[in-house]
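K.L.:
Here is my input; please provide its structure:
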Amino acid sequence: MSLEQSSSSPPRTVQRAVYALWISIGVTLLLWISNYSAGVMNQQEFFSSLLILALFCLLPYQISQRSNLARQFCIALTLFSLIVLVSGGHEHLTQLEYVVSLLMLPVDLYIIYQLLSRPSAQWFRNKDV
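P.N.:
Predicted coordinates:
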């Protein structure tokens with residue numbers, strides 16, 4: 001791989017993190033559709049949630065475009081959600097939301113690991129190469 005290729009295209013660690021983020025967004029969408037269908041969310045909550053989720057779709061895009069701010073925001077948001085889940089902040093979740101959150105823990109940890117890996121950090125640091 002030439003230096004030009006490695007500096008312009010994201011390393012595999014970033015590609016994997018972006019892919020995992022898309023999976024996480026997809027699972028969240030399916031969960032919210034399930035909640036809306038089951039009457040757990042009303043129409044206003046559902047569409048408000050979809051709007052927020054649409055904004056979160058910018059994260060994987062911005063990360064793949066080498067935005068270190070998006071990378072840092074993603075890591076911070078993921079860590080915050082993990083801390084809330086583990087510290088008992090899950091009481092407001094439905095049983096399905098709680099189970100899905102627990103099942104997604106490895107994916108969330110994988111995203112953080114990939115974004116903090118050395119190849120990822122170097123790629124974000126060497127923006128001007």
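K.L.:
from here on, contacts and neighbour counts on C-alpha atoms
P.N.:
OK.
K.L.:
helix, strand or coil for the spatially most central residue of the chain?
P.N.:
Note on the chain: the residue nearest the mean C-alpha position is Leu21, at 3.9 Å, using C-alpha atoms, centre = their mean. Following DSSP: H, G, I helix; E, B strand; the rest coil, the label given to Leu21 is helix.
K.L.:
Based on its surroundings, how many neighbours for Tyr113?
P.N.:
Neighbourhood size, Tyr113 [other C-alpha atoms under 10 Å]: 15.
K.L.:
which residues of the protein fall in helices?
P.N.:
3-8, 12-37, 43-56, 58-64, 68-86, 95-116, 118-125 (DSSP state H).
K.L.:
and the shortest one, average pLDDT?
P.N.:
In this case it means helix 3-8. Rounded to a whole number, the mean pLDDT of helix 3-8 is 52.
K.L.:
pLDDT at Asp128, what is it?
P.N.:
58.
K.L.:
about what we covered before: weakest of the helices of the chain in terms of mean pLDDT?
P.N.:
Note on those: helix 3-8 shows the lowest mean pLDDT, a mean of 52.
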